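Peer 1: When you get a sec, could you give me coordinates for this:
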Amino acid sequence: MKPLREQSVAFTGHRHYDGRCDELLRLAVRRLYLRGFRCFWTGMAVGFDLAAAETVVSLRGTLPGLRLCCAVPCPGQADRFAAADRARYHTLLATADEVVLLAERYEPKCYLRRDEFMVDRSACLVAWYDGSKGGTRYTWEYACRRGVERVNLWRDPQGTLF
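Peer 2: Sure thing, here's the model as predicted:
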């Protein structure tokens, strides 16, 4: 079943995510689920993306119909990950409800296309965004231009944006 945009959320965040908002991330997924969101897209990058995917998987038992959807920019995405992160990546892909491979091989901008793909299929973006330059900023600003609701857990450590 193809996820509906109005029931889908995309995640974006920095590679240097340190786990400090894991509980808030769980709360965000729960609150969005209560609002009718069922499909949660991750780009499967190290850091916040993998943590968000693990959060979705951990909540499946208590939130019926919760789906993990993975947007993989190209084959070999995890080839340069540390061994532990590479193992997490493959475990998450194996348990995902949907995996979309967006390019047959690495191409310039395939990561940005992945981010656009997720935003274009989502009504909400949950981020761990500290304002610095990079892919997370690009995704945040793209979601803004597309009129997608945005929640920044980095700026709202108390979870008051819900």
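Peer 1: quick one: low-confidence ranges for this structure?
Peer 2: 1-2, 156-162 (pLDDT under 70).
Peer 1: mind listing the strands for it?
Peer 2: Along the chain, the stretches classed as strands by DSSP state E are 8-13, 39-42, 67-72, 98-101, 124-128, 149-152.
Peer 1: Mean neighbour count for the ones you listed - can I get that in CSV?
Peer 2: Heads up, the C-betas are built off the backbone N, CA and C, glycines and all. What follows is the strands of the chain, written out as CSV (neighbours: other C-beta atoms under 10 Å):
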stretch, mean neighbour count
strand 8-13, 28
strand 39-42, 28
strand 67-72, 22
strand 98-101, 14
strand 124-128, 25
strand 149-152, 18
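Peer 1: nearest to Thr139, of these?
Peer 2: Proximity to Thr139 (C-beta to C-beta) singles out strand 8-13 among these, at 4.1 Å.
Peer 1: quick one, that closest one and strand 67-72 angle?
Peer 2: Relative orientation of strand 8-13 and strand 67-72, computed by axes from the mean of the first three to the mean of the last three C-alpha atoms, to 10 degrees: 50 degrees.
Peer 1: Strand partners (parallel or antiparallel) of strand 8-13?
Peer 2: Here strand 8-13 has these sheet partners by DSSP bridges: strand 39-42 (parallel), strand 124-128 (parallel).
Peer 1: Determine which of these approaches Gly135 most closely.
Peer 2: Per C-beta to C-beta, nearest to Gly135 of the strands paired with strand 8-13: strand 124-128, 11.1 Å.
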